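Asker: Quick one: sequence plus predicted model below, questions after.
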Amino acid sequence: MEMEKKFGVYLCKGCGIAEMINFESLTKVIKKEGKIQHIKEHDILCSPDARAMIMEDLKPEGEAINALVIAACSPRVKYEELDFPNCLVERCNIREQVAWTQPPGAEETQALAEDYLRMSCARIKKTDLPEPYQTECDKTIMVIGGGMAGLSAALEAANNGYQVLLVEKEAELGGYGAKMYKSTPSSYPYTTLQEPAVFKKIQEVNSQPNIRVMTSAEIVTIDGQPGLLDATIKVGEDEEVIRVGSIVLAAGWKPYDAGKLEHLGYGVSKNVITNIEMEELAKKGKIVRPSDGKAPERVAFIQCAGSRDPNHLPYCSDFCCSASLKQALYVRQSNPEAVAMILYKDIRTPGQMELFYKQVQSDPGVMLTKAEVTGVAVTAGDKLLISATNTLLGDNVAFEADLVVLATGLVPRTVDEPILNLTYRQGPGLPNLELFNGFADSNFICFPYETRRTGVYAAGCVHQPMTMAMAAEDGVGAACKAIQAVEHVAAGMAVHPRAWDETFPDPFMQRCTSCKRCTEECPFGAIEEDEKGTPFFKINRCRRCATCMGACPERIVFFKDLNVDILGSAIKAVDVPEIEDEDDPEFPVRIIGLICENDALPALDAAAVHRLKINPTIRFLSLRCLGSFAMEWIKIALNNGVDGMILLGCKYGDDYQCHFAKGSELCAYRLTKLSETLDKLGLEADRVQQFQIAISDFDKLPQMLDDFVARVREIGPNPFKGL
Amino acid sequence: MAGETVIKPDLQFINRVIAAGGDTVKQCYQCDTCSVVCNPTPDSKPFPRKEMLRAQWGLKDVVKDPDIWLCHQCSDCTVYCPRGAKPGEVMNVLRKLCIETYATPSILAQMVGDYKFLPLLIALPVLLLALALKITGHWGIPEGPIVYSHFFPTLLIDAIFVPAFFFAVAVLGKGVLAYWKDINRDNPWRVKVGGNLVGNLIATLKDILMHNRFRECETTYNRSTNHLFVLFGFIFLAVVTSWGFLNEWALHVESPYFLLSPIKLLAMAGTAALLYGIFNIIKERQANAEKVGYGSYYDWFLIYVIFVVGATGLLAWLFRLVGIKILAYPTYFLHLTAVFMLFFYAPYTKMAHMVYRTVAMLWARMADRGF
């Protein structure tokens, strides 16, 4: 639907803007160069009064304005006040990026404001209103794994009115939660052991009509895209294809292989067991030594057995400290004359478990000390001697015990199984989990359940090591995300992080060369190929980062409000002053700053809130992600006489902060190719540089920018200027 | 590994600590705040954290650690303890168990620490004294003015109290020698003991008389003053007793003495100091109970025995002066009972601290632990 656009520019004079900028000459620029004649000013553009003024202009019988440039504050604020239904709105940030960061009355300040208006005017002319991409959408939530997290997720979704398919590979629901003898307390005063809470959840699940439970079930494949996922599930010999909308991955964990802990006596003596085996012993009844069936008088628990150890699991498994405290009580209850010795690196009892720790510690027969266990040996009397250094009882001590329990940690199921068995081109599982020791985790710090596959949300110990109570909460969180996913898909919006976004990539396929860069680079596996190798989008998997747009050498990926040309036009609109004296070191520099909207833009806003001075020669344009960076823009900028380009994106690497996982890394990769091209043109590679910045680095921004501008000045003016 | 210390927790020991008033011992989570806030503790291997730890682990050798005696229970640790583990109280219990360990027979020490045996412990001197009177034919209230030696002949008193005193000295001596041997041999925090014994002992006694270390306490600073009153009360009364003994057997001066005679004045000063000190101890212990703990039966046994000794001594004297026979003689009998309990039970009660603490302080001084 191509609409007839009628443009209007609305200038805000509030928040100190009017004191900094000459509105008369700004208006001239908008009319003459921006080619928009309908211009209105208001003292407070976000006020109801101003809104009424604008709404009047929008009336079809009146001015019928439907494409508005709002020159006011950052697009990150006042988005409700300055949003107008069925209209294009281009926010031109002259408050944070001009009024709050520039000196008043300076020539450069005015030039900066005028450039921002030129850019916005150029941009809105090429932008169109998005039409949401809507498909048929099944809102069933599939939960993989029937442990605590999965049960909790299933109940949350079902209780909110969604159909749930709960798939469990074992014959019974409950996971490890059901294998325990007792569980740690889950309610105040957190002092007494209780029946595992998982049984109550199983009952609730079984009596919830919205949940279909499939046990002894295996996921053969999952095909399609959120809202339209076809899961092939095998039970025994029967396969069934079930359509679901989104997935909670709660596949759980397995214990770390104690066979690798021979140095702690496992496999050497029968009386060295794991915490899982201890749980089984307790469930059977009395705690006895496997070697002779006698009740042990001294039981030693070795914490972090194979955990927080670079040779084994580098991480803390979170539950083992509470589990050993609990099992120490098993020992005490089984034989009141027995003592339990807990040898720890640090006791870690997150949350309210601290109260349980206090309770167990106060038992006369439970002893605790910090210790670095160096070995476990069997003595003549069939006892075990645990040698340790760095204990609170001395640096060279040994603990005599009848039974040793190794508090082994957990390993996520996803460490060596794809579980999901997706039919995606990029593979059956979740990518790059080696960064997270195999956990289905991510660095999406603001979006804790997200995975690199849209519509798949991790919960429980497959997500992170956690205790039962936390797994229950995690299930709820992941279920909420899964619901969000199907609802957004149904509404034709991006799921996250651009949860409001109705635009989507719409490639001009006639020009596609099937080079497959987009299919390779899409961080979310949203692009598939047909038999001929031609890529096609699975839009519901897409997060709208536009990495495909940056990747495409043919520049054929279009969004209604973003494509290479739209941003190129904005770059072209920048007014580059002519240079009178080539050798003047103070020549008027012009720099384009392409900045990520997720961290760099907020950092810039934060600098403005702190009234830090930002170099006035840089014109910033925000991108969804640096992953969308197209090389074409450099060409456009340099042809326009711009002297340099700075790219500000998120941290990349193993501890990346990129909201789209790979964007800033891909951008950096593309820039390595660029320097060759620049060299060929006789241009210095330093004119285009990428920096990594976090939102909290806002105070470092002014220096970073000044340094870059100084470097460009050092190189000298762009030789193509004025050509 | 060679030379490693084998840790074998003893649940019985922990239960003893708990039963004796150290019920908070398991609360400790070893943060070390106690050792940091403690003023008298040495810089290296400070107490009371390590003692707390060994006690909660049931390592019963902790009672042989001389550091438990370097603690004067200021209770700074107890006040600052984030977990309410009351290290001050636990250290006190460990001292009790130390006394118990070195006392012969140990069972008597256990009886002294257990309120159930109190009637028996009182009955013993009462019966003994009554029996002595009966056998020697002195049972009954004598005619004439009140003269206590007419009621209870001095010879008879000496015949009972001198052996009782030497019994106590012998038991304490035996215990303290064994203790001295142990701390020099077994102590895991053993350091080379140096210096000459006599010189160091004199310095230690001087420390004790001045209460130099005791006065480093903050939370219960007044305890040192009160304790000093009691100590000097005892010293004065000991001088008076020796003087009386001399009067009786060497100079043949008969009691009661002239009211303003030097011996009488010294006795009055001693009694006043004793009563003033012990009264304040009782008062402040009650006032501080919430903050630092009420103390255990073992503390209160000694406090009340001392109080009764002082109070009955004073009352017996007053009753004699005003001439109330019917009150004077029974009070005097009570006084003798209390004095017997004080002396005879000394190796088993908190009273024994005067030798164990002195020895531990001597050892600490010689081992260069914070002196």
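Answerer: Thanks, I have the structure now.

Asker: buried ones in the longest helix along chain A?
Answerer: Ranked by residue count and defined by DSSP state H, the top helix of chain A is helix A:468-491. By neighbour count on 16 or more other C-beta atoms under 10 Å in any protein chain shown, the buried set for helix A:468-491 is A:468-472, A:474-490. No exception for glycine: its C-beta is placed from N, CA and C like everyone else's.

Asker: same deal with stretch A:367-383?
Answerer: Applying 16+ other C-beta under 10 Å to stretch A:367-383 flags A:Met367, A:Leu368, A:Thr369, A:Lys370, A:Ala371, A:Val373, A:Thr374, A:Val376, A:Val378, A:Lys383 as buried.

Asker: and which of the residues you listed is nearest A:Cys316?
Answerer: Using C-beta to C-beta, A:Lys370 comes nearest to A:Cys316 of the buried residues of stretch A:367-383, at 15.1 Å.

Asker: residues in the stretch 1-150 of chain B within reach of chain A, list them.
Answerer: B:1, B:3-9, B:11, B:14-15, B:18, B:26-27, B:29-30, B:50, B:53-54, B:56-59, B:83 (C-beta under 8 Å from any C-beta of the partner chain).

Asker: In strands only, show me those.
Answerer: Among the residues of the stretch 1-150 of chain B next to chain A, the members found in strands (DSSP state E) are B:Thr5, B:Val6, B:Ile7.

Asker: Tell me how far A:Asn390 lies from A:Ile347.
Answerer: The gap separating A:Asn390 from A:Ile347 is 15 Å, by C-beta to C-beta, to the nearest Å.

Asker: A:Glu90: what secondary structure?
Answerer: Assigned with DSSP: H, G, I helix; E, B strand; the rest coil, A:Glu90 falls in the strand class.

Asker: ok, and the closest non-adjacent residue to it?
Answerer: A:Ile124 (4.2 Å; C-beta to C-beta, 6 or more residues apart in numbering or on different chains).

Asker: Dump the longest helix of chain A to CSV, restricted to CA.
Answerer: Extracted in CSV, the C-alpha atoms of helix A:468-491 (Å, rounded to 0.1, in the frame of the first residue of the first chain):
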residue,chain,number,x,y,z
MET,A,468,14.7,-26.7,42.4
ALA,A,469,13.0,-23.5,43.6
MET,A,470,14.8,-21.4,41.0
ALA,A,471,14.0,-23.9,38.3
ALA,A,472,10.3,-23.5,39.1
GLU,A,473,10.7,-19.7,38.7
ASP,A,474,12.7,-20.1,35.6
GLY,A,475,10.0,-22.2,34.0
VAL,A,476,7.5,-19.4,34.6
GLY,A,477,9.8,-16.9,33.0
ALA,A,478,10.4,-19.0,29.9
ALA,A,479,6.7,-19.7,29.6
CYS,A,480,6.0,-16.0,29.6
LYS,A,481,8.6,-15.5,26.8
ALA,A,482,7.1,-18.3,24.8
ILE,A,483,3.6,-16.7,25.1
GLN,A,484,5.1,-13.4,24.1
ALA,A,485,6.6,-15.1,21.0
VAL,A,486,3.3,-16.5,19.8
GLU,A,487,1.4,-13.4,20.5
HIS,A,488,3.9,-11.2,18.6
VAL,A,489,4.1,-13.6,15.7
ALA,A,490,0.3,-13.5,15.5
ALA,A,491,0.3,-9.7,15.5
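
Asker: From the contact counts, what lies against that helix?
Answerer: Judged by 3 or more C-beta pairs under 8 Å, 6 or more residues apart in numbering or on different chains; DSSP states H and E, helix A:468-491 is in contact with strand A:141-144, helix A:148-159, strand A:246-249, strand A:456-458.

Asker: These: which one's closest to chain B?
Answerer: For the helices and strands packed on helix A:468-491, the distance to chain B is smallest for helix A:148-159, at 28.9 Å, taking C-beta to the nearest C-beta.

Asker: contacting residues around stretch A:345-355?
Answerer: The contact list for stretch A:345-355, computed with C-beta atoms under 8 Å, 6 or more residues apart in numbering or on different chains, reads A:184, A:188-191, A:303-304, A:308, A:316, A:318, A:321-322, A:325, A:356-357, A:368, A:370, A:372, A:467, A:469-470, B:29.

Asker: now the helices and strands packed on helix A:468-491 in JSON lines, with mean neighbour count?
Answerer: Formatted as JSON lines, those follow (neighbours: other C-beta atoms under 10 Å in any protein chain shown):
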{"stretch": "strand A:141-144", "mean neighbour count": "31"}
{"stretch": "helix A:148-159", "mean neighbour count": "29"}
{"stretch": "strand A:246-249", "mean neighbour count": "32"}
{"stretch": "strand A:456-458", "mean neighbour count": "30"}
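
Asker: So what's the residue count around residue 282?
Answerer: Answering for chain A, as no chain was given. 20 (other C-beta atoms under 10 Å in any protein chain shown).

Asker: Hmm, no, I was thinking of chain B.
Answerer: B:Ile282 - counted by other C-beta under 10 Å - has 16 other residues nearby.

Asker: Equivalent analysis for A:Pro497, please.
Answerer: 20.

Asker: Identify the residue nearest the residue of the stretch 251-371 of chain B found nearest chain A in space, chain neighbours excluded?
Answerer: Here the stretch 251-371 of chain B gets closest to chain A at one residue, B:Gly293, 16.5 Å apart by C-beta to the nearest C-beta. Excluding its sequence neighbours, the residue lying closest to B:Gly293 (C-beta to C-beta, 6+ apart) is B:Glu89, at 4.4 Å.

Asker: How about A:Ser246: which residues does it bridge to?
Answerer: A:Ile141 (DSSP bridges).

Asker: thinking it is in contact with A:Val143, fair?
Answerer: No - counting by C-beta atoms under 8 Å, A:Ser246 stays clear of A:Val143, with 10.1 Å between them.

Asker: Model confidence score at B:Met91, please.
Answerer: pLDDT, B:Met91: 96.

Asker: Okay, it and B:Asp23: tell me how far apart.
Answerer: Applying C-beta to C-beta to B:Met91 and B:Asp23 gives a distance of 14 Å.

Asker: So for the two, which sits in the more crowded spot?
Answerer: Applying other C-beta under 10 Å to B:Met91 and B:Asp23 shows that B:Met91 carries more neighbours, namely 29 against 17.

Asker: got the contact list for that one?
Answerer: Contacts of B:Met91 by C-beta under 8 Å, 6+ apart are B:Phe47, B:Pro48, B:Glu51, B:Ile68, B:Cys71, B:Gln73.

Asker: Ramachandran coordinates for the fifth one?
Answerer: So the one you mean is B:Cys71. Main-chain torsions, B:Cys71, degrees, to the nearest 10: phi -80, psi 130.
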